[in-house]
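Asker: curious how this folds, go ahead:
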Amino acid sequence: MVEGSSKRKRPNILVTGTPGTGKTTMSTALAESTQFRHINVGDLVKDKNLHDGWDAELDCFILNIIEEGGNIVDHHGCDFFPERWFDCVVVLQTDNTVLYDRLSNRGYNETKLSNNVECEIFQVILEEAKESYAEDRVVALKSDTIQDMSRNITTMTDWVRNWHSAS
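Answerer: Modelled structure (predicted):
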C-alpha cells in the first residue's frame with residue numbers, strides 16, 4: 001500500500017473481491033472506524049437507476065457508471081474504475097468452501113454460485129486489480145472468519161491513520 005499520490009487530504013479505498021468475501025461488512029466497519037463515507041456501488045446502481053438493465057444469466061445489473069478523498073468504495077469489480085480514484089485497492093479473499101456456504105445461504109442460483117466460486121479459485125479479482133492498478137496500491141486480505149475481518153479493519157484503519165498525501 002502506497003502513500004498518497006494526489007493532493008487529497010484523505011485517501012480513497014476500493015474494497016473488492018468475489019461476492020461473499022465480506023466486502024460490505026468490512027467496508028461498513030472500516031467506514032465507522034475511520035469516519036469515511038461508505039459507497040456500495042451495487043446499492044447505488046439500484047437506488048439511482050445507474051444501469052443498462054439486468055443480466056438474467058448472471059443475475060446482476062449491467063453497470064453504466066463510473067476526487068475528493070475519504071471514501072470507501074465497495075464493489076465486486078475493479079478494472080473499470082480509473083486508477084487515479086484510489087490510493088489503496090483491497091481485494092478480500094475467502095476459502096472456496098467458506099465462500100460456497102456463504103453464497104448458498106444467500107440463495108444464489110447454481111450458475112451464479114459456480115461462477116463466483118470459480119472466480120475465487122482462479123483469483124480473477126486479484127488479477128484484475130493487479131492489472132488495473134499500481135502493484136503497491138493492491139493488497140490481498142484473507143476474509144474467512146470474524147477474526148480475519150477484525151484484523152483487516154485494524155490493518156486498514158492503521159493504514160488510513162498513517163497515510164500522507166503527496167502534496
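Asker: okay, and the helix or strand of this structure with the least pLDDT?
Answerer: strand 60-63 (a mean of 56; mean pLDDT, DSSP states H and E).
Asker: could you spell out the sheet neighbours of the following helix or strand past that one, each with its direction?
Answerer: Sequence-wise, the next helix or strand downstream of strand 60-63 (DSSP states H and E) is strand 71-74. Using DSSP bridges, strand 71-74 pairs in its sheet with strand 13-16 (parallel), strand 37-40 (parallel).
Asker: what's the longest helix in the chain?
Answerer: helix 146-162 (DSSP state H).
Asker: so which elements touch that one?
Answerer: When contacts are defined as 3 or more C-beta pairs under 8 Å, 6 or more residues apart in numbering; DSSP states H and E, helix 146-162 sits against helix 23-34, strand 88-93, strand 138-142. Backbone N, C-alpha and C define where each C-beta goes, glycine included.
Asker: could you export these to TSV, including columns for mean pLDDT, mean neighbour count and distance to residue 119?
Answerer: TSV is the format used below for these (pLDDT from 0 to 100; neighbours: other C-beta atoms under 10 Å; distance: least, C-beta to C-beta, whole Å):
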stretch	mean pLDDT	mean neighbour count	distance to residue 119
helix 23-34	96	20	13
strand 88-93	97	25	11
strand 138-142	98	19	14
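Asker: dump those to JSON lines, plus distance to residue 153.
Answerer: Below are those laid out as JSON lines (distance: least, C-beta to C-beta, whole Å):
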{"stretch": "helix 23-34", "distance to residue 153": "5"}
{"stretch": "strand 88-93", "distance to residue 153": "11"}
{"stretch": "strand 138-142", "distance to residue 153": "10"}
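Asker: how about the ones you listed, which one is nearest residue 78?
Answerer: strand 88-93 (6.1 Å; C-beta to C-beta).
Asker: immediately after that closest one, which helix or strand?
Answerer: Downstream of strand 88-93 (by DSSP H and E), the next one is helix 96-105.
Asker: can you list contacts of the next helix or strand after that next one?
Answerer: Where DSSP H and E defines the elements, the next helix or strand beyond helix 96-105 is helix 110-121. The contact list for helix 110-121 (C-beta atoms under 8 Å, 6 or more residues apart in numbering) reads 17-21, 57-60, 93-94, 96, 99-100, 103-104, 108, 125.
Asker: make it 7 Å
Answerer: 18-20, 57-59, 93-94, 96, 99-100, 103-104, 125 (C-beta atoms under 7 Å, 6 or more residues apart in numbering).
Asker: show me the shaky parts of this protein.
Answerer: Counting by pLDDT under 70, the chain contains low-confidence residues at 1-6, 45-46, 48-55, 58, 60-68, 165-167.
Asker: with that, I have no additional questions.
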